[in-house]
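Student: Give me the fold of what follows.
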Amino acid sequence: MVPKGVGVRVPPCAQTPERGLQQNERITDRPIGSAGFPLNNLTNKTFSALNITLNKKSTTNASLTIQLQENDYLPAVEGKVREYSRKATIKGFRQGKIPAGVIKKMFGRTILVEEVNQLVSTSISNYIKDNKLKVLGDPMPDIDKARSIDWETQKDFEFEFQIGLVEDFKLELGPSVKVKRWVINVDQKVIDDTVADLKKRFGNVSYPETSTADCNLFGDLQAAGSEEKKSTYLPLDKIARKEQKKFTGVRKGDVIAFDIQNLFDDVSVLAQTLNVSSDEASQLRGAYTFSVTNISQVAPAELNQELFDKVFGKDVVSSEGDFMAKVKETISGNYKRESEHLLDHEIQHHFEDHTNINLPDEFLKQWLKNTSNGQVTDDILEKEFKLYRNSLKWDLVKNQVAEVENVKVEAEDVRQRAKEMITEQFGGPSVVAALGDKLDSIADNYLSGQDGQNFMRIFNQVRHERILAAIKSKITISDKEVTLEEFRKHAEEHRH
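Tutor: Numbers count the residues shown, from 1 in each chain. Reported below is the predicted structural model:
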């Protein structure tokens, strides 16, 4: 029997805190490890250097063998026995006066296991750090060798760990790297459609008994042969012209039969209606029914000051021309964010596809399984390992960019970003101004929440943004003007 933790409880990887695979978590979210381990979970003990041997089986796979002799761990064990003697409460003995022999008899094996385990963990961490080994994941112990230990009689111990390594790789970061930025052209049609939507959104709602082509139908959507119903609404002006007759002239309680593929000309409208991805919407097939529960009709608002104030706030714009210009400015800002978001993904995919990094695939698969509490199976690895591998490559690329370009994030940078985020959530600078100095304490409380995970999340976000900014400053980015539909089509293709 292997005492709990022996040769197993190695320190977590350095880049993100250790965690099990959570529900709905993809393996692409797993941490990748690094060239060293954090030692903040260890006590301030000084150990002599142990006999550790590195055996490289290939450029990406190796083993670490660590040999302990009695004089390596005995001082720590005896120190722990003395501590137990001082602090333990045992019936029949005065506290602080318990003989060492009694402590050894009752707790000796537990103390030995804990001290050896801590010594092994510390020594491996220091060895990896001192020798600048680029380790992925965590060292994995040889369980069979650990099971063979006789803790009652053995004085010397030997442990073996498998480690996964990453080779140095060449990163192309310069003008020769060319990526397109897809810039959405804000044409008059987009502006007109947006204004029409705003007029509807802020229009007067009525509830006619019978539907017309400009109504919205509310009800339950159901596939033929299925018991599952989905409550949704259908905007009749978006329904394909050939299908509209089925949906006009209907009343509450009517049931409409149709083929889901023919409902809309644009699959993105179906996706929005059903609250699913465009990919999922495009896969829908066959006969459906829609049971009408309500009918609404919106009389578009007039293009006047009342509408201007509802959309942008009181007196922000005061004429139709200013309103149209503000609409265009808002659309342009939204589209610019979409373009930059897609550009970030284009950059990521470029480096994933064009950076040659040799990785210890089999080691990583086993490590993912070992650290997932049984949630990562062979089937999941078959489906998702390629995604994980690409995500890992991208993390390694970002780490190298951060090192080469000296990308740093200080604690104050994280604090400032948290304050900006809170300011936005509270409703802007004017609202937050009333808080005064309280904003600092609110930010600090937030960053310390969830055991520091909030801090790490914002830290990683700021670091990610700065690394991408560094990459963009080095590569060649060419703008390509496209329509909104062309952008959507390319974005969908990019996701696959």
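Student: Could you verify that Ser176 is part of a strand?
Tutor: No: applying DSSP: H, G, I helix; E, B strand; the rest coil, one finds Ser176 to be coil, outside a strand.
Student: Which strands or helices does the lengthiest strand in the chain pack on?
Tutor: Longest strand in the chain by number of residues (criterion: DSSP state E): strand 287-299. Strand 287-299 is packed against strand 204-206, strand 215-223, strand 255-259, with contacts defined by 3 or more Cβ pairs under 8 Å, 6 or more residues apart in numbering; DSSP states H and E. Quick note: C-beta positions are derived from backbone N, CA and C, even for glycine.
Student: Mean neighbour count, those: which tops it?
Tutor: Of the helices and strands packed on strand 287-299, the one with the most neighbours on average (mean count of other Cβ atoms under 10 Å) is strand 215-223, at a mean of 19.
Student: can I assume Asp444 is in contact with Val414?
Tutor: No: look at Asp444 against Val414 with Cβ atoms under 8 Å: they stay out of range, at 10.7 Å.
Student: the domain parsing of this protein - what is it?
Tutor: For the chain, the structural domains run 27-165, 204-299, 318-358+405-495, going by automatic domain parsing.
Student: Would you mind saying which of those domains lies nearest Val183?
Tutor: domain 318-358+405-495 (4.9 Å; Cβ to Cβ).
Student: Tell me the gap between the closest one and the middle of its chain.
Tutor: Centre-to-centre, domain 318-358+405-495 and its host chain are 15 Å apart (Cα atoms, centre = their mean, to the nearest Å).
Student: Kindly report the same for stretch 287-307.
Tutor: That offset, for stretch 287-307, works out to 37 Å (Cα atoms, centre = their mean).
Student: same question, stretch 247-263
Tutor: Mean C-alpha position of stretch 247-263 versus that of the full chain (Cα atoms, centre = their mean) differs by 40 Å.
Student: Which parts of it count as buried, going by neighbours?
Tutor: Phe247, Val250, Lys252, Asp254, Ile256, Phe258, Ile260, Leu263 (16 or more other Cβ atoms under 10 Å).
Student: so the first one touches Leu236, yeah?
Tutor: Yes: with the criterion set as Cβ under 8 Å, Phe247 and Leu236 qualify as a contacting pair; they are 5.3 Å apart.
Student: what touches both of these two?
Tutor: Ser211, Leu217 (Cβ atoms under 8 Å, 6 or more residues apart in numbering).
Student: need the helix or strand of this protein with the lowest average pLDDT.
Tutor: Within the chain, confidence by mean pLDDT, DSSP states H and E is lowest for helix 429-432 among all helices and strands, at a mean of 65.
Student: so what does the next helix-or-strand element following that one touch, helix or strand wise?
Tutor: Where DSSP states H and E defines the elements, the next helix or strand beyond helix 429-432 is helix 438-448. The contact analysis (3+ Cβ pairs under 8 Å, 6+ apart) places helix 438-448 against helix 411-426, helix 453-474.
Student: With only the CA atoms kept, save helix 438-448 in PDB.
Tutor: Below are the C-alpha coordinates for helix 438-448, written out as PDB (Å, rounded to 0.1, in the frame of the first residue of the first chain):
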ATOM      1  CA  LYS A 438     -14.500  53.600  -1.800                       C
ATOM      2  CA  LEU A 439     -13.800  52.500  -5.400                       C
ATOM      3  CA  ASP A 440     -10.300  51.400  -4.400                       C
ATOM      4  CA  SER A 441     -11.600  49.200  -1.600                       C
ATOM      5  CA  ILE A 442     -14.300  47.800  -3.900                       C
ATOM      6  CA  ALA A 443     -11.600  46.900  -6.400                       C
ATOM      7  CA  ASP A 444      -9.400  45.400  -3.800                       C
ATOM      8  CA  ASN A 445     -12.200  43.300  -2.300                       C
ATOM      9  CA  TYR A 446     -13.100  42.000  -5.800                       C
ATOM     10  CA  LEU A 447      -9.500  41.100  -6.600                       C
ATOM     11  CA  SER A 448      -9.100  39.100  -3.400                       C
END
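Student: buried stuff in that helix?
Tutor: Leu439, Ile442, Ala443, Tyr446, Leu447.
Student: hmm, who's touching that helix?
Tutor: By Cβ under 8 Å, 6+ apart, helix 438-448 touches Val414, Arg415, Ala418, Lys419, Ile422, Thr423, Val432, Leu435, Asn454, Phe455, Ile458.
Student: Do me a favour and average the pLDDT over it.
Tutor: Mean per-residue pLDDT for helix 438-448: 88.
Student: now that helix against helix 453-474, angle please.
Tutor: 90 degrees (axes from the mean of the first three to the mean of the last three Cα atoms, to 10 degrees).
Student: before we move on, the earlier item: list just the nearest of the buried residues of helix 438-448 to Ile124.
Tutor: Proximity of those to Ile124 (Cβ to Cβ) peaks at Leu447, which lies at 31.5 Å.
Student: Apart from its neighbours in sequence, what residue is nearest the closest one?
Tutor: Computed as Cβ to Cβ, 6 or more residues apart in numbering, the closest residue to Leu447 that is not its neighbour in sequence is Phe455, at 4.4 Å.
Student: got the contact list for the one you found?
Tutor: Val414, Leu447, Ser448.
Student: so how far is Phe161 from the second one?
Tutor: Counting by Cβ to Cβ, to the nearest Å, the gap from Leu447 to Phe161 is 35 Å.
Student: The last one now?
Tutor: Counting by Cβ to Cβ, the gap between Ser448 and Phe161 amounts to 34 Å.
Student: before we move on, what about the first one?
Tutor: In this structure, Val414 and Phe161 are 34 Å apart, going by Cβ to Cβ.
Student: what's in contact with stretch 213-221?
Tutor: Stretch 213-221 is contacted from outside by 208, 211, 229-237, 244, 247-248, 250, 274, 288-298, using Cβ under 8 Å, 6+ apart.
Student: Pull out the buried members of those residues.
Tutor: 211, 230, 233-236, 247, 250, 288-292, 295, 297-298.
Student: mind exporting stretch 149-163 as CSV, just the C-alpha atoms?
Tutor: C-alpha atoms of stretch 149-163 as CSV (Å, rounded to 0.1, in the frame of the first residue of the first chain):
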residue,chain,number,x,y,z
ILE,A,149,8.4,0.8,-0.8
ASP,A,150,8.4,-0.8,2.7
TRP,A,151,8.0,2.1,5.0
GLU,A,152,8.5,0.0,8.1
THR,A,153,12.0,-1.2,7.3
GLN,A,154,13.5,0.8,4.4
LYS,A,155,16.0,3.5,5.2
ASP,A,156,16.8,4.6,1.6
PHE,A,157,14.2,5.4,-1.0
GLU,A,158,14.1,5.9,-4.7
PHE,A,159,11.3,7.6,-6.7
GLU,A,160,10.9,8.1,-10.4
PHE,A,161,8.9,10.7,-12.3
GLN,A,162,8.0,11.0,-15.9
ILE,A,163,8.3,14.5,-17.3
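Student: for the record, mean pLDDT for it?
Tutor: 93.
Student: Flag every buried residue along that stretch.
Tutor: Ile149, Trp151, Phe157, Glu158, Phe159, Glu160, Phe161, Gln162, Ile163.
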